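>>> Sharing a model that was predicted from the sequence below.
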Amino acid sequence: NNSSQLSSLPLQILLYVNGIYYIFYFLATLAMIIYKSQVFSYPDDFLTPDLAVLFVMAILEVPRLYLGFKGNLTEAEAPLGLSLGLTVGSVVLCVYLLLWQTYVLWADVLLNAVLLAAYGLESGLKVTAITAFVS
């Protein structure tokens, strides 16, 4: 009888915390983009891609977290692997907002650095969990 539990409690906690942090991240980043569009001369053709990246990232975050929760709790590597793939996409968008958005304030650097660190930690825990599920 193999009754060992393979799902990762640290991963589950981190997914939950990341979900809460992402809501804060999204609202803060949106507020800063609005602020920057009012305070700085923000060309309209640059405002749209910055907002688009933020909204695409928010849309990605929902299945990313859902698949992470589901894959971890059901000890299934496929949803966890998909979540890991979506995390890669989220990292790319986060790096865009960190380095290439029109205006990058110190608060942008801080918010994105925390999110990237969380994504990195979460990805490591996902890989560890997938390895445990497969073996």
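Received, thanks. Numbers count the residues shown, from 1 in each chain.

>>> My read is that residue 103 contacts residue 41, right?
No: Residue 103 is beyond contact range of residue 41, at 9.9 Å (criterion: Cβ atoms under 8 Å). In this view, the C-beta of every residue, glycine as well, is placed from N, C-alpha and C.

>>> who's more crowded, these two?
residue 103 (16 against 8; other Cβ atoms under 10 Å).

>>> where's that one, which helix or strand?
Using DSSP states H and E, residue 103 sits in no helix or strand.

>>> next one: phi and psi at it?
Phi and psi for residue 103, reported as degrees, to the nearest 10, are phi -120, psi 130.

>>> What pLDDT does the model give it?
Note on residue 103: pLDDT of 93.

>>> Tell me the spacing between the nearest residue to it once chain neighbours are set aside and residue 24.
Excluding the flanking residues, the one nearest residue 103 by Cβ to Cβ, 6 or more residues apart in numbering is residue 36, at 4.8 Å. Between residue 36 and residue 24 the distance is 18 Å, computed by Cβ to Cβ, to the nearest Å.

>>> So for the two, which residue has more residues nearby?
Each of residue 36 and residue 24 has its neighbours counted (other Cβ under 10 Å); residue 36 has more, 19 against 12.

>>> quick one: contacts for the more buried one?
Neighbour list for residue 36: 42, 102, 103, 105 [criterion: Cβ atoms under 8 Å, 6 or more residues apart in numbering].

>>> contacting residues around the nearest residue to the last one once chain neighbours are set aside?
Same thing as residue 105. Nearest residue to residue 105, sequence neighbours excluded (Cβ to Cβ, 6+ apart): residue 32, at 6.3 Å. When contacts are counted by Cβ under 8 Å, 6+ apart, residue 32 touches 105, 107, 108.

>>> ok so, going back, PyMOL command for the buried members of the contacts of residue 36?
In PyMOL, a selection of the buried entries from the contacts of residue 36 looks like this (16 or more other Cβ atoms under 10 Å):
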select buried, resi 42+102+103
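
>>> nearest to residue 19, of the contacts of residue 36?
The shortest approach to residue 19 among those belongs to residue 105, at 24.5 Å (Cβ to Cβ).

>>> how much space between that closest one and residue 8?
35 Å.
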